[in-house]
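K.L.:
no sequence on this one, just coordinates:
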Ligand SMILES: NC(=O)c1ccc[n+]([C@@H]2O[C@H](COP(=O)([O-])OP(=O)(O)OC[C@H]3O[C@@H](n4cnc5c(N)ncnc54)[C@H](O)[C@@H]3O)[C@@H](O)[C@H]2O)c1
């Protein structure tokens, strides 16, 4: 092994929300690193189309329909994945939503619909919990695991108009730290990555110190590092991939 590079020893990864921007970039990078990938998302047809180019390149990546907010169904999907691949070494809890149904943008907290808030919590917080509950006994039994959860800059510093989302992401970051402690002796690391403003096309943006938005691949690279064998002495950390936004808004032009 070249000690300076990210390495994987015949690993199998589950990536949730795999049809999305960051999820798909993560699948591609894991495949390119030699990892076999179970890609999961709400709509298996859409997902099949998105991962088709990776399959055409000969990678072992398979699509699974999954709603992470449904605990029983999620457990069944993980059972199927273990049956198909023989094991799960890596879990990337990437599925997430921030906009309310109907595409409403920013809303004051008191104007938010309670059912919509519950849906955001069911997916962004309970979804992560359901997936971890489904995989932890398996990882503990094998004495190996790498779990990477998607936080958000919103969970670090707040995001006006998306208070329910920010609350979930803050919870995911603390949940990550706590589960890192609970699982340290079992060979399982648990970390999170908190993206800032990530768009398919990078554009200039005054809100970050680097003066631009980020690309899905830039987040995926951090996820893949934390998911690697090489990152074995890192646990309970949150890695902001946000162009320095966590340092505060860009206030001077240096
Ligand atoms: N893009 C950003 O700027 C940004 C910033 C901070 C955090 N994040 C987080 O990164 C993650 C990925 O974001 P993205 O930008 O790639 O979003 P995206 O919308 O492109 O992808 C999210 C994916 O999750 C899937 N999904 C939604 N609900 C689901 C459910 N109930 N069960 C299973 N899958 C479900 C969607 O179908 C979609 O494919 C999310 O957790 C998001 O909160 C993104």
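P.N.:
That came in fine, so what should we check first? Predicted model only: the values in this text are computed from it and were never measured.
K.L.:
what's the burial count for residue 99?
P.N.:
14 (other Cβ atoms under 10 Å). Where you see a C-beta, it was placed from the backbone N, CA and C, and this is true even at glycine.
K.L.:
Report the contact partners of it.
P.N.:
Residue 99 is in contact with residue 105, counting by Cβ atoms under 8 Å, 6 or more residues apart in numbering.
K.L.:
likewise residue 46?
P.N.:
Neighbouring residues of residue 46 by Cβ under 8 Å, 6+ apart: residue 19.
K.L.:
what helix or strand is it on?
P.N.:
Take DSSP states H and E as the rule and residue 46 turns out to sit in helix 44-56.
K.L.:
That helix close to the ligand?
P.N.:
No - against the ligand, helix 44-56 shows no contacts by Cβ under 6 Å from any ligand atom, the least distance being 7.6 Å.
K.L.:
Offset the numbering so it begins at 22, please.
P.N.:
With 22 as the first residue, the last one maps to helix 65-77.
K.L.:
Chain neighbours aside, what residue packs nearest to residue 152?
P.N.:
In space, and not counting its chain neighbours, residue 152 is closest to residue 114: 5.4 Å by Cβ to Cβ, 6 or more residues apart in numbering.
K.L.:
quick one: that neighbour and residue 149 touch, right?
P.N.:
Yes - look at residue 114 against residue 149 with Cβ atoms under 8 Å: they come within range, at 4.6 Å.
K.L.:
shared neighbours of these two, anything?
P.N.:
Common contact partners of residue 114 and residue 149 (Cβ under 8 Å, 6+ apart): 89, 170, 193.
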